[in-house]
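>>> Let's see this in three dimensions:
(one chain, ligands or ions: 2)
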Amino acid sequence: MSAKVNDDLLTERRKCEFNVEELTNYLDGGAQATQNRRKLEDKVLSTKGLFDEVPEEYLSHKEKYENAVRKAVVYYKAMKEAEDPNQTEQERANATYRSLLHAAVFKDNSPFSLHLAMFIPAILGQADEEQKKYWMKRASKMEIIGTYAQTELGHGTFIRGLETTATYDPKTEEFVLHSPTLTAYKWWPGSLAHTANYCVVMAHLYINGKSCGIQPFIVQFRDEETHQPLPGIKLGEIGAKLGFNTVNNGFLGFDQHRIPRNRMLMKNAQVLKDGTFKRSPNSKLTYGTMVYVRVVIVNGMANQLARAVTIAVRYSAVRRQSELKPDAGEPQILDYVTQQHKLFIGIASSHAFTLTAKWLTRMYQKVTADLEKGNLDELPELHAIACCLKAVTTTDTSVLVERSRTSCGGHGYMLSSNLPQIYGLVTAACTYEGENTVLMLQTARSLVKALEQAQSGKRLSPTMSYLSEKVSSRLKWDNSIDGIVKGFRRVAYGKVESAMRSMRKYVRSGLGPEDAWNMSSVQLVAASEYTSISEADIRQLQDTYEDLLGKIRPNAVGLVDAFDFRDQILNSTLGAYDGRVYERLMEEALKSPLNAEPVNQSFHKYLKPFMQGKL
Ligand SMILES: CC/C=C\C/C=C\C/C=C\C/C=C\CC/C=C/C(=O)SCCNC(=O)CCNC(=O)[C@H](O)C(C)(C)COP(=O)(O)OP(=O)(O)OC[C@H]1O[C@@H](n2cnc3c(N)ncnc32)[C@H](O)[C@@H]1OP(=O)(O)O
Ligand SMILES: Cc1cc2nc3c(=O)[nH]c(=O)nc-3n(C[C@H](O)[C@H](O)[C@H](O)COP(=O)(O)OP(=O)(O)OC[C@H]3O[C@@H](n4cnc5c(N)ncnc54)[C@H](O)[C@@H]3O)c2cc1C
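Numbers count the residues shown, from 1 in each chain. Ligands and ions are numbered 1, 2, ... in the order given. Sure, this is the predicted structure:
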């Protein structure tokens with residue numbers, strides 16, 4: 001018999017003014033997609049051996065990793081078996097697009113995540129047809145496990161500064177991979193330390209002493225039978241981190257390690273047997289895997305934020321605290337407008353990021369199709385937009401997940417709430433796949449170029465067109481959606497224009513363009529993510545905003561129920577559908593190994609002699 005649902009949650013669900021299932025269907029892309037997702041989740045989550053006997057927070061660093069590998073093999077086998085052969089690739093992708101199935105199994109991400117998130121996309125985007133056929137067969141059947149090894153101990157942002165070398169030897173038709181310094185060691189790649197046996201390495205190609213830029217190479221670094229590191233390979237784990245502690249991030253050093261010529265992924269640039277280098281139509285095509293992952297991250301943020309606000313809103317409907325009015329009893333903390341302010345922006349942002357992710361994915365698919373036909377025209381715009389949206393969504397999600405955690409008081413600080421782990425996952429995304437400041441400056445670079453083009457009367461791309469609209473200096477402000485958008489456009493235009501004016505001022509004062517750029521870079525970052533609107537407008541917006549909070553309040557639980565996360569996917573004592581938070585907090589607390597005995601051995605070994613002055 002299922003446990004009794006908390007009365008307050010029952011009341012909330014009765015108060016809801018819209019059809020929750022309809023919103024779930026909309027988010028999934030239709031009722032059939034919801035059915036497919038639920039069927040997939042039913043199948044996979046009923047697999048034996050997927051879950052932890054002991055909560056992983058009570059395992060050692062080594063045990064956590066070994067347990068995660070145990071679960072990963074069960075999980076990925078179950079996923080493969082659960083795939084519906086009658087589904088198209090697109091339907092399959094849709095079924096997992098919103099599903100955070102892996103989050104039910106891995107609280108801190110999977111030791112296989114890089115294989116799926118970057119190794120396979122790198123092969124798809126960087127290998128020529130023959131290479132793709134061979135490596136995709138092995139990688140998609142998990143005969144090999146790969147990662148993406150670009151970052152080094154000494155370089156992450158500045159790709160052109162990477163020190164790993166790949167020197168072509170025409171006599172043997174091989175590349176010699178080498179880490180000339182400690183800072184050249186690959187450092188950070190997920191799965192690299194003990195899990196993967198192949199990786200796509202980004203290395204500086206040299207032919208006859210001449211630099212041919214950063215190129216991708218597929219490299220085996222562990223023996224497929226013994227898993228021992230191959231000769232000339234130094235491997236290890238980089239140590240405990242804020243999060244991602246079951247992703248097995250590692251380091252890898254090459255000592256004159258030789259690989260055959262056909263291991264350079266040659267879709268964009270090629271090296272012929274005699275060492276002739278055939279340049280890529282655009283050297284930045286080599287960066288394509290990162291653009292792809294930045295697009296994926298936007299959707300990932302939407303899902304993770306939805307998970308956090310579901311936990312916090314349900315908890316806020318159950319938790320009663322303090323006194324709003326004398327003798328009126330303790331209210332649900334969700335009735336405090338400050339609590340609504342903290343959480344409802346998170347619900348709205350998750351929906352906004354979901355819609356943005358769909359739009360960006362369509363743009364990515366169109367530009368990628370154009371690239372296949374040799375049309376690179378829209379690549380710069382895709383790069384600029386992907387940089388901006390990855391940076392903005394990861395920054396906002398980190399802030400909103402942390403706000404969800406702190407809105408749950410002390411219980412939000414418990415690992416059993418899962419909010420700290422979700423924060424660890426999302427805040428990492430502010431750094432990986434391009435540190436956010438650096439990416440915002442990439443977007444700013446495009447904005448400045450676009451404004452210069454607009455000022456010289458040239459047509460701009462659709463996403464930059466707001467820079468050429470001659471926005472009147474006194475925009476008639478109204479708080480309609482259109483009015484708010486116009487307000488933001490005016491602010492955005494002003495930010496870019498101000499940053500540009502600042503740079504020109506520095507150049508006139510005698511600074512070179514690079515120093516003028518650096519001096520204006522705070523404004524440039526702000527131009528990529530505009531902030532406030534003028535004073536008078538704020539009052540009007542504030543009234544509208546507070547009115548909106550009241551309208552959302554009766555539907556808040558319905559809005560998070562519509563994300564349709566199972567309890568296993570929320571993995572939280574505070575966010576379960578039945579709202580039995582106190583019973584769950586106690587159940588989880590009793591699983592602590594420290595509760596196995598009333599008196600811990602440290603009393604007799606240390607405390608008692610200390611308290612008796614004998615230590
Ligand atoms: C559980 C998780 C929960 C949610 C997340 C969900 C999904 C996430 C999926 C997976 C996550 C799992 C694990 C994470 C794994 C992480 C992996 C990594 O981090 S891989 C390494 C990532 N590293 C980077 O991103 C490095 C960033 N640096 C750069 O990209 C470049 O160095 C930089 C662009 C900053 C500068 O490049 P540079 O060559 O110096 O170019 P420059 O600035 O001089 O500009 C020249 C010219 O080139 C254009 N350009 C630059 N880059 C691109 C590009 N990618 N595409 C197209 N064009 C590009 C640039 O605009 C400029 O053009 P103009 O001259 O102005 O015309
Ligand atoms: C959880 C996690 C997983 C990761 N997984 C992988 C992986 O699987 N494979 C992989 O290859 N890498 C991976 N990385 C590495 C990641 O890509 C790098 O950390 C990231 O690119 C930033 O580089 P960095 O750490 O060297 O920092 P740096 O580039 O040294 O940046 C440090 C600071 O300097 C600032 N800075 C740098 N350049 C500029 C500039 N031009 N203008 C203004 N400010 C600047 C940055 O904004 C930042 O604040 C991972 C990182 C993390 C945290």
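>>> what's around the closest residue in space to Ala562 that isn't next to it in sequence, how many residues?
Leaving aside its chain neighbours, Ala562 sits nearest to Leu23 (3.8 Å; criterion: C-beta to C-beta, 6 or more residues apart in numbering). Every C-beta, even on glycine, is put in place using the N, C-alpha and C of the backbone. By other C-beta atoms under 10 Å, 18 other residues sit near Leu23.
>>> and this structure, which of its residues are near ligand 1?
By the rule C-beta under 6 Å from any ligand atom, the part of the chain lying against ligand 1 is 109, 113-114, 117-118, 148, 150-151, 156-160, 190, 284, 287, 290-291, 293, 296-297, 300, 304, 379-380, 383, 425, 429, 432-434, 438, 442, 445.
>>> Now the buried members of these.
By neighbour count, with 16 or more other C-beta atoms under 10 Å, the residues of the chain next to ligand 1 hold 109, 113-114, 117-118, 148, 150-151, 156, 159, 190, 287, 290-291, 293, 296-297, 300, 304, 379-380, 383, 425, 429, 432-434, 442, 445 as buried.
>>> So for the lengthiest helix in the chain, what gets flagged as buried?
Of all segments of type helix in the chain, defined using DSSP state H, the longest is helix 337-372. Within helix 337-372, the residues scored as buried using 16+ other C-beta under 10 Å are 339-340, 342-347, 349-351, 353-354, 356-357, 360-361, 363-364, 367-368, 371.
>>> can you give me the mean pLDDT across that helix?
Mean pLDDT, computed over helix 337-372, is 95.
>>> buried set for the next helix or strand after that helix?
For helix 337-372, the succeeding helix or strand toward the C-terminus, using DSSP states H and E, is helix 379-406. Going by neighbour count (16+ other C-beta under 10 Å), the buried part of helix 379-406 is 379-405.
>>> Please apply the same query to stretch 458-474.
Leu460, Ser461, Met464, Tyr466, Leu467, Ser468, Val471.
>>> Contact partners for Thr183?
The contact partners of Thr183, taken as C-beta atoms under 8 Å, 6 or more residues apart in numbering, are Glu152, Leu153, Gly154, His155, Glu163.
>>> from the buried residues of stretch 458-474, which is closest to ligand 2?
For these, the closest approach to ligand 2 (C-beta to the nearest ligand atom) belongs to Met464, at 21.7 Å.
>>> Make sure the closest one is indeed in a helix.
Yes. Counting by DSSP: H, G, I helix; E, B strand; the rest coil, Met464 is found in a helix.
>>> close enough to count as contact, it and Leu447?
Yes. At 7.0 Å, Met464 counts as touching Leu447 under the criterion of C-beta atoms under 8 Å.
>>> how about the residues of this structure that lie near ligand 2?
Counting by C-beta under 6 Å from any ligand atom, the chain sits next to ligand 2 at 114, 147-151, 155-157, 188-190, 244, 249, 428, 431-432, 434-435, 437-438, 441.
>>> What is the neighbour count of Pro326?
Close neighbours of Pro326, defined as other C-beta under 10 Å, add up to 5.
>>> which SS state does it fall under?
Quick answer, by three-state DSSP: Pro326 is coil.
>>> In the buried residues of stretch 458-474, find the pair that's most separated.
The most widely separated members of these, counting by C-beta to C-beta, are Ser461 and Val471 (17.9 Å).
>>> so which residue of the chain comes closest to ligand 1?
Relative to ligand 1, the nearest point of the chain is Gly300 (2.2 Å; C-beta to the nearest ligand atom).
>>> Flag every buried residue along stretch 415-427.
For stretch 415-427, using 16+ other C-beta under 10 Å, the buried residues are Ser416, Ser417, Asn418, Leu419, Pro420, Gln421, Ile422, Tyr423, Gly424, Leu425, Val426, Thr427.
>>> what's the answer for stretch 73-82, then?
Using 16+ other C-beta under 10 Å as the test for burial, stretch 73-82 gives Val74, Tyr75, Tyr76, Ala78, Met79, Ala82.
>>> measure the last one to Leu101 for me?
To tie it back to what came earlier, the one meant is Ala82. The gap separating Ala82 from Leu101 is 9 Å, by C-beta to C-beta, to the nearest Å.
>>> So for the two, which residues contact both of them?
What both Ala82 and Leu101 touch, as defined by C-beta under 8 Å, 6+ apart, is the set Leu40, Val44.
>>> Give the full set of residues in contact with Ser521.
By C-beta under 8 Å, 6+ apart, the contact list for Ser521 reads Leu441, Ala444.
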